[in-house]
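Trainee: Please find the sequence and the predicted model below.
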Amino acid sequence: MLLKILMNLMNMSTKKVVFIVGPTAIGKTALGIKLAQHFNTEIISCDSRQFYKELLIGSAPPSPKELKEVQHHFIHNLSISQSYNAGKYEIDAINKITEIHKTKDCVIVVGGSGLYANAISKGLDKMPEISEKTRKKLNSDLKERGLEWLQDKVKNIDPEFYNSCDIKNPQRLLRCLEIFIETGKKLSSFKTKNIKKRPFDIIKIGLNIDREKLYSRINKRVDFMMECGLLKEVSSLIEFQSLNSLQTVGYKEIFSFINNECTLKEAVEKIKQNTRRFAKRQLTWFKKDKEVNWFEPQEYDKLKSFIEL
């Protein structure tokens, strides 16, 4: 009996979760698939935009071919009308990792959503429940007063959060404001200081390249999205444009074109600009994490050896 327990403990200690993180368009998907095939395992997505099954182009999910090559989880598993957050994701992702670890020694986590990556690697604090009354009032205020008003409010009440979040994302900003209204506390104060201990080893790989090369990749990806039918995809979602899940780069700009607020050419240029800014914020987030080991996407053999050490 004692021998069996010791063997189980030894087996648990060999379990790994390997994170592949970094800015958008850097090549995380292709590298993640290659690693998953090498380690004969599955992929957990930590890209919050790719959860939604209606966002087939603008969220840059793995292609149908790539999804067939390796089993992916948390890709197109939700509808844009469903409410979901990092707290729920933490529970779901840890459960899925536990399930995969029953038959695999390694799980690959791929994505660029820093908060969702942290939900797995560090855990999140329990967040307060928000009343429907507060939520409706703030959404109404946002619609009436605009994003700039919301940005100013958050900057005043919680500058720490403001300086670390995507200030173009009203969903994140609203979350900060509603928590402050309900509790009188800053959202940044809920960031856990006690990292949750996970029953697996964690290896974090960050991908980065020269900034000009990255920006060129971003511009080409946006052009490719337009060729693939991004305008048609966004047009089909016009009646849902107020949903939080659609307040994201690639969709907001096209909605502006559809609503006659700019030309299509201006909308496309705005997508490229906002995506470049988003990539910069992603890099800032991940570079604050001293556990991330940085490689260039083409250094596959080098990072594979690093994981296998």
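Mentor: Structure's in. What do you need? Numbering: from 1, shown residues only.
Trainee: Can you name the residues in contact with the helix or strand encompassing Asp301?
Mentor: Asp301 is part of helix 300-308, with elements assigned from DSSP states H and E. Identification of contacts with helix 300-308 by CB atoms under 8 Å, 6 or more residues apart in numbering yields Lys16, Val18, Leu31, Lys34, Leu35, His38, Ile203, Ile205, Asn293, Phe295. Every residue, glycine included, has its C-beta placed from N, CA and C.
Trainee: I only care about those that end up buried; give me the PyMOL line for that.
Mentor: The following PyMOL line selects those of these that are buried, judged by 16 or more other CB atoms under 10 Å:
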select buried, resi 16+18+31+34+35+203+205+295
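Trainee: any chance of the contacts of helix 300-308 in CSV, plus secondary structure and pLDDT?
Mentor: Below are those laid out as CSV (DSSP: H, G, I helix; E, B strand; the rest coil; pLDDT from 0 to 100):
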residue, secondary structure, pLDDT
Lys16, strand, 96
Val18, strand, 98
Leu31, helix, 97
Lys34, helix, 97
Leu35, helix, 97
His38, helix, 96
Ile203, strand, 97
Ile205, strand, 98
Asn293, strand, 98
Phe295, strand, 98
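Trainee: I'd like the contacts of helix 300-308 laid out as CSV, including distance to Lys280.
Mentor: Formatted as CSV, these follow (distance: CB to CB, whole Å):
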residue, distance to Lys280
Lys16, 30
Val18, 25
Leu31, 21
Lys34, 26
Leu35, 26
His38, 31
Ile203, 25
Ile205, 20
Asn293, 21
Phe295, 19
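Trainee: Which one of the contacts of helix 300-308 is nearest to Gln50?
Mentor: Leu31 (16.0 Å; CB to CB).
Trainee: quick one: the strands in the stretch 151-300 of the chain?
Mentor: Along the stretch 151-300 of the chain, counting by DSSP state E, counting those that start in this stretch, strands occupy 201-207, 292-295.
Trainee: need these in CSV with distance to Lys88, can you?
Mentor: CSV is the format used below for those (distance: least, CB to CB, whole Å):
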stretch, distance to Lys88
strand 201-207, 21
strand 292-295, 25
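Trainee: Dead centre of the chain: give me the residue that sits there.
Mentor: Compute the mean C-alpha point of the chain, and by CA atoms, centre = their mean the closest residue is Ser113, 2.3 Å away.
Trainee: excluding its backbone neighbours, what's nearest it?
Mentor: The shortest distance from Ser113 to any non-neighbouring residue, by CB to CB, 6 or more residues apart in numbering, is to Ser48 (4.3 Å).
Trainee: Just give the number of residues close to that neighbour.
Mentor: Neighbours of Ser48 under the rule other CB atoms under 10 Å: 23.
Trainee: you'd agree it is up against Tyr116?
Mentor: Yes - using CB atoms under 8 Å, Ser48 is in contact with Tyr116, at 5.5 Å.
Trainee: got any residues that touch both of these two?
Mentor: Shared contacts of Ser48 and Tyr116 (CB under 8 Å, 6+ apart): Ala86, Tyr89.
Trainee: Would you mind giving the secondary structure of Asp17?
Mentor: Asp isn't right for residue 17; it's Val. strand (DSSP: H, G, I helix; E, B strand; the rest coil).
Trainee: just checking, it touches Pro199?
Mentor: No - the pair Val17 / Pro199 is not scored as a contact, 10.1 Å apart, by CB under 8 Å.
Trainee: could I have stretch 54-65 exported to CSV, CA atoms only?
Mentor: The C-alpha coordinates for stretch 54-65 follow below in CSV (Å, rounded to 0.1, in the frame of the first residue of the first chain):
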residue,chain,number,x,y,z
GLU,A,54,-19.4,32.9,-33.9
LEU,A,55,-15.9,34.5,-34.1
LEU,A,56,-14.5,32.3,-36.8
ILE,A,57,-12.2,34.9,-38.5
GLY,A,58,-11.6,37.9,-36.3
SER,A,59,-10.4,36.0,-33.3
ALA,A,60,-7.7,34.2,-35.4
PRO,A,61,-8.5,30.7,-34.1
PRO,A,62,-6.6,27.6,-35.2
SER,A,63,-7.8,26.5,-38.7
PRO,A,64,-10.0,23.5,-39.1
LYS,A,65,-6.9,21.6,-40.3
